[in-house]
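1. Generate a structure from the sequence data that follows.
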Amino acid sequence: MKKFVFLFSMLFVASFAIAQNTGTVSQTGDENTGVIDQTGDLNEATITTTGNLNKNDVQKWRNWPSGLSGYMLAKGITQNGEGNTGSILQNRHRSDAGMAQIGDGNTAEITQNDPTNHSWGAENHAFVDQVGNLNSSIQNQQGRANSSYFRQIGNSNVAESQQFDLYTSYTISEQIGNENKSYQFQEFGNWEGRNYATIFQDGDENDASQSQHGKSNSSDVTQSGSKNIASIEERGDGNTANVYQSGTSNKVFGGNDWLEYANGQLIEHVPEDKGIYQDGNDNTANISQTATLLVYGHQAAIRQLGDGNNADITQTGPGFNAAYARQDGDLNEGTFTQDGKFNRAHLYQAGNSNEAIFAQSGEGTGETPNEAEIFQSGDLNIGSITQTGLNNFGSISSIGNGHYGSITQTGGMNQALITQN
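-> Sure thing, here's the model as predicted:
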């Protein structure tokens, strides 16, 4: 039986008061290792381990989304500053964890538990580096062989990861700046396919969330700038979702209105709370937003129900472009390209193997936008709308199978409507 406990604390005595750090290690089981290293005032650290082969004295090498690489500062609990709080709770089998807090008022919490209690359970890995002030992180792993890595450089950043997978899921969150928020949730992954979720935030007040329910799902969010929002939910197996945001106030988020049609007529708006929502297998959603305005960016959302659907949205220009895609069925394709400002596009496809293409280039105003919508119900329908200029309106409605519709508008104040039954 091996048990190692290392506590390093500094006491500083002033004329009238004593400022001290607090470190507590509690171990039950075999070959546990706990390390606490604190420098500064009023830091608190707790390590509690129950089970076998838990350890907190290792360092990890990471390649970060920013392109930086190297060993993490985290090793056991390392705190340098004032008023930092760190806790590690490990229950059962071969977990390892570490945190480093350099600055003041940071908090970090790591919980690792293998509820299956298999003796062959592989290691969970949870590590966090926090450099700055008032950063907070939570990493909760309920399973085995899950990995979670956080890096926070700045002030008042918040990161949380919740993993409930039986086997081999992976989250990484890198935040550089101030007041960024990231949230990652994973469940149902197993040895047949691990889930991947990555968030990279470089700037201030960005917000990103990822939720994966199934196996072999992949999600990547990159936010460069300020006040960008991205929300992704994947249900099923083999889904892929990617979001890239550059600039200010780009949104891949809910609150958007989804078009509902009956017999080619708009009947209601249905709100959806996720920017990308996929329920099925092998769906792919990609959104890229680059805005140059300092106040308002672009908006986009994708909802796909079924298997093998693909939606791509690319938005460039000053801002104020909006694109929404909903696809119900299998093997549908939707492609949006918007350049300029005040271009709006809506897609709703219900059926299989339908294809829709939007290309909008113009710089209108709130009163003179380009607007395009495609509704296709059935199989093997193709719709295409191209708009250049401002204040154009184009609509394609196809019900049945094998229809083809195309609209091209150049200039301003053009209107076109295609209806096919």
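2. for this structure, where's the lowest mean pLDDT among helices and strands?
-> strand 12-13 (a mean of 33; mean pLDDT, DSSP states H and E).
3. Report the residue spans of this structure with pLDDT below the cut-off.
-> Filtered on pLDDT under 70, the chain yields the residue ranges 1-19, 30-31, 52-53, 93, 115-122, 165-168, 191, 254-273.
4. How is it divided into domains?
-> Here the domain assignment for the chain is 1-214, 227-421, based on automatic domain parsing.
5. okay, the ones you listed in TSV with mean neighbour count and distance to Asp220 next?
-> C-betas here are computed from N, CA, C, even on glycine. Shown next, in TSV, are the domains of the chain (neighbours: other C-beta atoms under 10 Å; distance: least, C-beta to C-beta, whole Å):
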stretch	mean neighbour count	distance to Asp220
domain 1-214	21	5
domain 227-421	21	5
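6. so can I have CSV of the ones you listed showing distance to Val221?
-> Rendered in CSV, the data for these read as follows (distance: least, C-beta to C-beta, whole Å):
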stretch, distance to Val221
domain 1-214, 4
domain 227-421, 5
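7. Residues in a beta bridge with Thr410, which ones?
-> With DSSP bridges as the criterion, Thr410 is bridged to Thr388.
8. Apologies, that question was intended for Gln90.
-> Gln90 forms beta bridges with Thr49, Gln112, as assigned by DSSP bridges.
9. if I read this right, it contacts Thr46, doesn't it?
-> No. Contact criterion C-beta atoms under 8 Å: Gln90 and Thr46 do not qualify, at 11.6 Å.
10. how distant is the host helix or strand of Asp220 from the center of its chain?
-> Secondary-structure element containing Asp220, defined by DSSP states H and E: strand 218-226. Distance of strand 218-226 from its chain centroid, counting by C-alpha atoms, centre = their mean, to the nearest Å, is 7 Å.
11. Direction included, what does it pair against?
-> Under the criterion DSSP bridges, the sheet neighbours of strand 218-226 are strand 196-204 (parallel), strand 240-248 (parallel).
12. if I read this right, Ser136 contacts Val158, doesn't it?
-> Yes. Taking contact to mean C-beta under 8 Å, the distance of 5.3 Å between Ser136 and Val158 places them in contact.
13. would you list the strands paired with strand 218-226 in JSON lines and tack on distance to Val25?
-> As requested, the strands paired with strand 218-226 are arranged in JSON lines below (distance: least, C-beta to C-beta, whole Å):
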{"stretch": "strand 196-204", "distance to Val25": "31"}
{"stretch": "strand 240-248", "distance to Val25": "41"}
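14. Now do the same contact list for Asn124.
-> With contacts defined as C-beta atoms under 8 Å, 6 or more residues apart in numbering, the neighbours of Asn124 are Arg94, Ser95, Asp96, Ala97, Gln112, Asp114, Gln141, Gly143, Arg144, Ala145, Asn146, Ser147.
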